[in-house]
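# Build me a model:
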Amino acid sequence: MERLARLAMPAATLEVLVEPRDPGPTGSDQCELVLAPNPGVPAAPVRDAASGGELSRVMLALLAVAGDGSGATQVFDEIDSGVGGQTGRAVGEQLRALAEGGQVLCITHLPQIAALADRHFAIEKDTDAEPARTVVRRLAERDVVGELVRMLGGEHGDKGARRHAEELRRAA
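Numbering: from 1, shown residues only. Just a heads-up that it's a prediction; the model follows:
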């Protein structure tokens, strides 16, 4: 619950329901995560109760509580779904903490999350190639701010977006 609160879900409750069932290859208990994401919302199985962003944050909170990862590689694809602003920053900080014990690969469109990364890559689709292909290239530190400007929706010469991107990097 403490981790969920840090991820902008301060009133959420999460429970594990365990019910006996006939023994089989997967055990003799039926387990279900039950979430009430907001006050007044009845608890329901996570698969039914959580939005995309809430599901991502529940997963991140569970991983953070489970341990440091001890060298594990964890991949998060669009963990920013349904998340913005300060919540994005909180998600980014949790991802960075998780990366201290292993490797975290994160695909995000949210500059608040991207700014916190140790290494940055740009992923671009080349539709001029036959067949079309996806190109991944590592960004030099000098190029990270420009990529953050692009993620913020700014143009190359957008001074306001550049200041914001520089502030995000400094705060990281």
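
# Just give me the residue closest to the centre of the protein.
I79 (3.2 Å; C-alpha atoms, centre = their mean).

# Any idea how many residues pack against H164?
Neighbours of H164 under the rule other C-beta atoms under 10 Å: 18. In short, each C-beta sits where N, CA and C put it, glycine included.

# now do R47
By the measure other C-beta under 10 Å, the count of residues near R47 is 10.

# so it is in which element?
Element membership for R47 (DSSP states H and E) is helix 46-49.

# Identify the residues contacting the residue nearest to the centre of the chain.
Going by C-beta atoms under 8 Å, 6 or more residues apart in numbering, I79 touches 56, 60, 91, 95, 106, 108, 113.

# Please report phi then psi for the fifth one.
By that I understand C106. Main-chain torsions, C106, degrees, to the nearest 10: phi -130, psi 120.

# What does V149 show for phi and psi?
Dihedral angles (degrees, to the nearest 10) for V149: phi -60, psi -50.

# Mind pulling up the pLDDT for it?
For V149, the model assigns a pLDDT of 94.

# so how far is R21 from it?
54 Å (C-beta to C-beta, to the nearest Å).

# Looking at these two, which has the bigger crowd around it?
Counting neighbours by other C-beta under 10 Å for V149 and for R21 shows that V149 has the greater number, 23 against 11.

# Might one say that the more buried one is in contact with R163?
No: using C-beta atoms under 8 Å, V149 is not in contact with R163, being 9.6 Å away.

# which one in this structure is furthest away from the centre?
Centroid-distance maximum for the chain: D22 at 36.7 Å, with C-alpha atoms, centre = their mean.
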